[in-house]
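Colleague: Let's see this in three dimensions:
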Amino acid sequence: MSSAHLAIDLGASSGRAIIGLLQGNPAVVELEEIHRFEHHPCPTPAGPVWDLTGIWLNVIEGLKLGAAWCRDNNAELQSIGVDAWGVDWTLVGKSGELLALPHCYRDPQNEAAKNRVLETVGGKEKLYARTGIQLMAINTLFQVAARLEQEPGLFESAHRLLFIPDLFHFWLSGEMTTERTIASTSNMLALETGDWDLELMEQLGIPTQILGPIIDPGELVGTLRVELANATGLTGNVKIIAPGSHDTASAVAAVPVVDQESGKGWAFLSSGTWSLLGTELDQSFASAESCAAPFTNELGLSGTTRFLKNIAGLWLVQEIRRERVEQEEEISFSELADQATNAEPFRTLIDPNAPQFAAPGDMAEKIRAFALETAQPEPETLGDLVRCCLDSLGLCYRHTVDMLESVLGQKIDVLHIVGGGTNNRLLNQITAATMQRPVICGPVEATAIGNVLTQAMGCGELDGLEQIREVVARSFELETFQPGDAESDLVVKEETYARYRDLLVR
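Modeller: Numbers count the residues shown, from 1 in each chain. Down below sits the predicted model:
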């Protein structure tokens, strides 16, 4: 029988169950999506929360469909692993009872809590020196501070703080664990040790007994609970293996960097709702320059660090489309890209990371207001709006890579783009043109691939991160975009880049 692994891949608006089939010598991996669903934060008087029971029912459905697919395809399901978006968490009691629904990271309460924490610890520079994490109000540390002030009784009753994928691993196996890559998004780990910064927690009055031992990607969490095995048609000996439980960690594990590229400086871009752009380091790095940029240090497979910057990403275009759909104007992302292709390039630019663009709602009006404030022509058509977002993202990527080179003192020769954003060929071409470097795109399903192959590593089928990437390179066709490709006459003048940089300091 072929060896199969099931990835439960949870994004902040949708989830998938994907089977990864590892076979052959040398090994290749094939993917089969067996279930997909949408989910959204729920507004409550206490703030926006996640629909955990709805997500969990869909996870169970994914297990049922996975069991049926394996039976039909003569495959043996070896393991299951969950990855999810970063920073969000919940509290459970000693019996395993869920004490409260996890709040969505866009909860507006977090901003005030961030300011209180910074005042207590002596400012953002001191906090960064301890944790190496980019200052964002969404970080777990600030969320915990906000909830602790509002509901201290929750923490008195809590046995363990669990991040979203850790919670689902617990529900699958009955074992409470904390996986290192998801914990590293929290702003609660010490930069030097990669473990909980207990001294910082005590300074902020956060109870440390709720912080459990941390495990690494590829480690065994437990085995599938018998009740779930019986309910889904799986056997009770299916392993629950922690992948890189932060979705970006799994995606970067699947960046197909192979031996012939190892001498080159490379950066990755995990492109989706968020853009996560950075490079991989052997150890974490924090300096005054990386704090000012800012760059964050998130932990990856095999002791690596993802030194990266969070960028708004295709959230901008998704919001424009959502607003049109709410107005009963059905339009696909491919149609938006077509309209943007026919629009004038670099006519109007924005700072994608400006705070007003982070909140949902009125995205088109916010872009027009930004144009007016910066004495630029307002976008007149839908194509103009989308083109403005894509051009600005491409310029933001170049600016980020320039900062990477400056902060680290090393050259970046090539950019690898993985994730759903690779389907936007216009953005890929804009990125190559603005960066004046080759852009290698693929695989699209990097997060699920990294998830299943890390499970395979945990089951002893693969040897480590290098072998994972060799399997990815063998298994998927990649597309390279060069600056000035014949199919595109796109030229980015230095004055255009200078105009973009001027917007960042206004």
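
Colleague: what secondary structure does residue 47 sit in?
Modeller: Three-state assignment for residue 47 (DSSP: H, G, I helix; E, B strand; the rest coil): coil.

Colleague: In this structure residue 492 contacts residue 432, no?
Modeller: No. In this structure, residue 492 is not within contact of residue 432 by Cβ atoms under 8 Å, at 9.7 Å. C-beta: built from backbone N, CA, C; applies to glycine.

Colleague: who's more crowded, the two?
Modeller: A direct count of neighbours by other Cβ atoms under 10 Å for residue 492 and residue 432 places residue 432 higher, at 27 against 21.

Colleague: which element is that one on?
Modeller: In this assignment (DSSP states H and E), residue 432 forms part of helix 425-435.

Colleague: Contacts for the following helix or strand past that helix next, please.
Modeller: Using DSSP H and E, the helix or strand that follows helix 425-435 in sequence is strand 439-441. Surrounding strand 439-441, the residues in contact under the criterion Cβ atoms under 8 Å, 6 or more residues apart in numbering are 256, 414-418, 422, 428, 431-432, 478-482.

Colleague: try it again with 10 Å
Modeller: Strand 439-441 is contacted from outside by 255-257, 261, 266, 268-269, 271, 394, 397, 414-419, 421-425, 427-433, 478-483, using Cβ atoms under 10 Å, 6 or more residues apart in numbering.

Colleague: Low-confidence ranges, the stretch 1-150 of the chain, go.
Modeller: 1 (pLDDT under 70).

Colleague: Show me the strands in it, by range?
Modeller: 2-10, 14-23, 28-38, 75-84, 89-92 (DSSP state E, counting those that start in this stretch).

Colleague: List just the one of these that sits closest to residue 303.
Modeller: strand 75-84 (18.7 Å; Cβ to Cβ).

Colleague: how close does the closest residue to residue 36 other than its chain neighbours sit to residue 65?
Modeller: Spatial nearest neighbour of residue 36, chain neighbours left out: residue 16 (4.9 Å); criterion: Cβ to Cβ, 6 or more residues apart in numbering. Distance, residue 16 to residue 65, using Cβ to Cβ, to the nearest Å: 11 Å.

Colleague: what touches both of those two?
Modeller: 33, 34, 35.

Colleague: Give the burial count for the last one, as a bare number.
Modeller: Going back to what we said before, that points to residue 35. 20.

Colleague: Return the residues in contact with residue 240.
Modeller: 79-82, 168-175, 177, 220-225, 455, 458.

Colleague: My error: substitute residue 8 in the last question.
Modeller: With Cβ under 10 Å, 6+ apart, residue 8 has these contacts: 15-18, 35, 55, 58-59, 62-63, 66, 80-84, 165, 168-169, 172, 243, 448, 451.

Colleague: longest helix anywhere in this structure?
Modeller: helix 382-408 (DSSP state H).

Colleague: For that one, list every residue counted as buried.
Modeller: 382-401, 403-404, 407-408 (16 or more other Cβ atoms under 10 Å).

Colleague: same check, this time on stretch 497-506
Modeller: Buried residues in stretch 497-506 (16+ other Cβ under 10 Å): 497, 500, 503.

Colleague: Tell me how far the first one lies from residue 239.
Modeller: The gap separating residue 497 from residue 239 is 50 Å, by Cβ to Cβ.

Colleague: Also the last one?
Modeller: Residue 503 sits 50 Å away from residue 239, going by Cβ to Cβ.

Colleague: now do the second one
Modeller: Noted for residue 500: a distance of 48 Å to residue 239, by Cβ to Cβ.

Colleague: show me what contacts the most centrally placed residue in the chain?
Modeller: Nearest to the mean C-alpha position of the chain, counting by Cα atoms, centre = their mean, stands residue 248 at 3.9 Å. Listed by Cβ under 10 Å, 6+ apart, the contact partners of residue 248 are 83, 85-86, 181-182, 185, 268, 270, 272, 274, 276, 278, 298, 300, 306, 308, 310, 418-419, 446-447, 450.

Colleague: how about a cut-off of 6 Å?
Modeller: 270, 276 (Cβ atoms under 6 Å, 6 or more residues apart in numbering).

Colleague: host element of residue 444?
Modeller: Judged by DSSP H and E, residue 444 forms part of no helix or strand.

Colleague: That one against residue 422, yeah?
Modeller: Yes. Applying Cβ atoms under 6 Å, one finds residue 444 in contact with residue 422, separated by 5.3 Å.

Colleague: Same drill for those two, tell me which one is more crowded.
Modeller: Between residue 444 and residue 422, residue 422 has the larger neighbour count (other Cβ under 10 Å), namely 24 against 18.

Colleague: So the closest residue to the more buried one other than its chain neighbours versus residue 476, what's the distance?
Modeller: Closest residue to residue 422 apart from its sequence neighbours, by Cβ to Cβ, 6+ apart: residue 441 at 4.2 Å. To residue 476, residue 441 is 11 Å away according to Cβ to Cβ.

Colleague: When the two are compared, which one has more neighbours?
Modeller: Taking neighbours as other Cβ under 10 Å, residue 441 and residue 476 compare with residue 441 leading, 25 against 20.

Colleague: hey, what's the more buried one bridged with?
Modeller: Following DSSP bridges, residue 441 is listed with bridge partners residue 417, residue 479.

Colleague: Reformat the strands of the stretch 1-150 of the chain into TSV and put distance to residue 372 next to each item.
Modeller: Compiled in TSV, these are given as follows (distance: least, Cβ to Cβ, whole Å):
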stretch	distance to residue 372
strand 2-10	39
strand 14-23	34
strand 28-38	35
strand 75-84	39
strand 89-92	40
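
Colleague: Quick check: the residue nearest to residue 36 touching residue 38?
Modeller: No. With contact defined as Cβ under 6 Å, residue 16 does not reach residue 38; the gap is 10.7 Å.

Colleague: what's residue 31 in contact with, if anything?
Modeller: Per Cβ under 6 Å, 6+ apart, neighbours of residue 31: 18, 20, 445.

Colleague: would you turn those into CSV with neighbour count?
Modeller: Shown next, in CSV, are the contacts of residue 31 (neighbours: other Cβ atoms under 10 Å):
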residue, neighbour count
18, 23
20, 25
445, 24
